[in-house]
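[1] sequence first, predicted model second:
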Amino acid sequence: KQVVLPLTASGPYKMVFETGRDDSFRCLAAIDDIMICDGVCEIPAASPLHCNFERDACDFQQGSTNNIDWTRRNRATPNRVDAIQNNIDALKTGPFHDHTQGRFHHGYYMYVESSTPAQAGDVARLISPETSGPCLEFYFHMYGRQMGTIHVYTRLSGSADLQLQWELVGDKGDTWHRAVINHNITDNYQVIFQGDIGGFLSDMAIDDITTWNETCKVFGGWGDWGNWTDCTASCGGGIQNRTRYCDNPPPPYGITCVGDDDGDMADTEQQNCNTQSCPVDGGWGSWQPAGSCSVTCGRGTEPIERTCDSPAPQHGGKQCVGPGTDTQSCDKGPCPIDGVWSPWSGFSACNVTCGGGIQLRTRLCDNPPPQHGGNNCVGDDDGDGADTDYQECNTNLCPVDGGWSQWLPWETCNLSCGRGTQRRIRTCTEPAPQYNGNGCLGDPNGDGTDEDSRPCQIQPCPVDGSWGVWTTYGPCSATCGPGTQSRSRLCDNPAPSNRGKDCPGDVDGDGREEETRSCNSGAPCPVDGMWGPWFDVSPCNVTCGGGIVVKERLCNAASPQHGGNPCAGDIDGDGREVGFDVCKTGRCPVWDAWGSWSPCTVTCGPGDRERARVCDTAGAEPGAACLGDAIGVGVDTEEETCNNGPCPGGEEDDCTAQGCPNPGILAGQTQEEAEEDGEEKSDNTALLAGAACGGIGVVLIAV
């Protein structure tokens, strides 16, 4: 890494490079190519970025203040893998593959994991090495129901100020999008990608980061035209189309190619084709008469002809197929036919049975009937087509049937109580039967008299009630298990009347008696299944911040028996149901601020000091621990080296067990504090911190 330090020394000076290490021995610090320039140092242009993360992270660094870091990964993110395994589309977030190599390869990308321990509002920064060029191009993937925000900042070389160049918030669909930023920065700079977590489902990713030494085209570019489609007609004029797509290059997110007014990323043009005239085959015109009918009446034939002019053949079309002449039937009307009588019908029945009558017979002029001007049948003077003949019949005297006289008055009733009868009579005298006529109707013995009777009642006689027969037993009251069935009888054989007594045992006088017996169908009753209580089958997948627990219940509170229904919703009938529930929804505890440093362990030379911080669990999910607190003690400590200045012995002394002299500013000491301690210090000092080292310091000491 190149470092440029502006110096403002007023006289001769010495340059001291110093470094140290902490408790770790894994520390290598090196310097090279030291140059002192008279005037302003020119910083050469940094190399452009061309990073697809396939081999490594391309020297990108995590931000020092990150709540959570960016991660290099291939294939799907863990959140997405979990959603796929549980077949829950609503929980999908993050890409399924990288942008560089595509769906069926294992290319790498950088992403921010949004599940626990990450929380909504956490920030992850990824800082590029120094680069140059006025255009930044990259691809991003923002897919998830709780998607947060991606910010892109730039920071000029040697500056701490960030300049926002681009930002986008929310779900943008399950696809990689291109982004282009023309910032026109001429100096070296760094690119900072910042991801803000929106929630549990907000895995965001970036890939294929490039800086260019020229301004990028903001709009997409049209690709080459495709081939023309087949013509819609082979002759007479048709249309053919061709298409090109906005993919050379594809436009940045939210922008399309110039001229793509409908935003469908495609452009189509058309042209006329096959404009030559089409061949026209000849067609026959309608048939026309060409002579007279062969008969003067009845059906005959006549000649006809047609011409090939509908249409006439053109442009190489075919001649008409078939003959131009033919014959057709003709009809001059039917020839005359004279009528002929059909045979006589049989005589009809006589119109009377006695006293003299007639019977008729008929014939019709229909064998054949007169037609087409032919003559009527011979003798058909009125032209009605019918002829009638008759003869006498049944000339004997008619018999006279007997007739009943009026009824005589009713006689006296034959009983003094109860139902009796009384009668009346009539005679067959109006008229009496003659000439073998029938006797009076209803006079079977032929004595010429008829008798009628009717019931009569002076006063009703008392009648005691008597029970009728028992009905059959009704159905059992239960279709399964024990029940009852009953039968009844009525006091109607006869029913009590005219102050007669009720049936024996009819205490309430309702005229009804009922008896009951037990019954059993012999089959046990069906028992429907009932679900037992839910129980967890897996622990919560997080300790705080909201997660998912898998639950299960069994159909055993009542097992289905004897043809009973399975538990409600048990479609496959396995007696088991699986569900999901949210868990550990309380917030995750966070570390309080660090406490003050303890005094240095030694009074001179290199030593150690430490400080502590406490895990704030107030209002947090019970049992959850702060990040990094694996055993849950709730306290975190850290150490660093300290130096209270050189131990007595002089500047030329060798290093001893008490520590080496420390020229320049002490660790953690400001320029003013050093001057107050009475030590002669340089006018300019630069310190560089190492990852596991004590750092490299450059100290200028005036001489």
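    Thanks, I have the structure now.
[2] doesn't residue 465 make contact with residue 502?
    Yes: because the distance of 5.2 Å satisfies CB atoms under 8 Å, residue 502 is recorded as touching residue 465. Quick note: C-beta positions are derived from backbone N, CA and C, even for glycine.
[3] with neighbour numbers in mind, choose between those two.
    The neighbour count for residue 502 versus residue 465, taken as other CB atoms under 10 Å, is higher for residue 465 (21 against 16).
[4] grab the nearest non-local neighbour of that one.
    Once flanking residues are discounted, residue 465 sits nearest to residue 496: 3.5 Å by CB to CB, 6 or more residues apart in numbering.
[5] same check, this time on residue 580
    Of all residues not flanking residue 580 in the chain, residue 548 sits nearest, at 5.6 Å (CB to CB, 6+ apart).
[6] rewinding a little: need the overlap of contacts for residue 502 and residue 465.
    491, 496, 511 (CB atoms under 8 Å, 6 or more residues apart in numbering).
[7] test my guess that the last one contacts residue 489.
    Right, the one you point to is residue 511. No: the pair residue 511 / residue 489 is not scored as a contact, 9.8 Å apart, by CB under 8 Å.
[8] I'd like the average pLDDT over the helix or strand containing residue 241.
    Using DSSP states H and E, residue 241 sits within strand 238-245. Strand 238-245 carries an average pLDDT of 93.
[9] so how far is that strand off the chain centroid?
    Put simply, strand 238-245 sits 36 Å off its chain's centre (CA atoms, centre = their mean, to the nearest Å).
[10] buried sites along that strand?
    Under the neighbour-count criterion of 16 or more other CB atoms under 10 Å, strand 238-245 has 240, 244-245 buried.
[11] so in the chain, where's the weakest helix or strand by average pLDDT?
    Least confident helix or strand, the chain: strand 685-688 with a mean of 32, by mean pLDDT, DSSP states H and E.
[12] for this protein, which residue is closest to the average position?
    Geometric centre of the chain, nearest residue: residue 89, 11.3 Å, by CA atoms, centre = their mean.
[13] without its sequence neighbours, what residue ends up closest to that residue?
    Nearest non-adjacent residue to residue 89 (CB to CB, 6+ apart): residue 83, at 7.1 Å.
[14] follow-up on the earlier one: how about the buried residues of strand 238-245 in JSON lines, adding distance to residue 323?
    Formatted as JSON lines, the buried residues of strand 238-245 follow (distance: CB to CB, whole Å):
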{"residue": "240", "distance to residue 323": "43"}
{"residue": "244", "distance to residue 323": "58"}
{"residue": "245", "distance to residue 323": "60"}
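[15] quick one: which of these is nearest residue 225?
    Closest approach between these and residue 225, by CB to CB: residue 244, at 4.8 Å.
[16] one step back: what about the residue nearest to residue 465, distance to residue 504?
    From residue 496 across to residue 504, the span is 11 Å (CB to CB, to the nearest Å).
[17] do residue 415 as well
    For residue 415, the distance to residue 504 - CB to CB - is 29 Å.
[18] which one of these two is surrounded by more residues?
    Legend: neighbour count by other CB under 10 Å for residue 415 and residue 504, higher for residue 415 (14 against 11).
[19] residues contacting the spatially closest residue to the more buried one that is not a sequence neighbour?
    Among residues not flanking residue 415 along the chain, residue 458 sits closest, at 7.2 Å (CB to CB, 6+ apart). Shown in contact with residue 458 (CB under 8 Å, 6+ apart): 413, 415-417, 420.
[20] mind listing which of these are in strands?
    Here DSSP state E is the test, and these give residue 420 as lying in strands.
[21] got a quick ChimeraX command for the buried subset of the contacts of residue 458?
    In ChimeraX, the members of the contacts of residue 458 classed as buried (16+ other CB under 10 Å) are selected with the following command:
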select :413
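[22] lowest-confidence entry in the contacts of residue 458?
    Ranking the contacts of residue 458 by pLDDT, residue 416 lands last with 75.
[23] list the contacts of that residue.
    residue 458.
[24] tell me how far it lies from residue 458.
    Going from residue 416 to residue 458 by CB to CB gives 6 Å.
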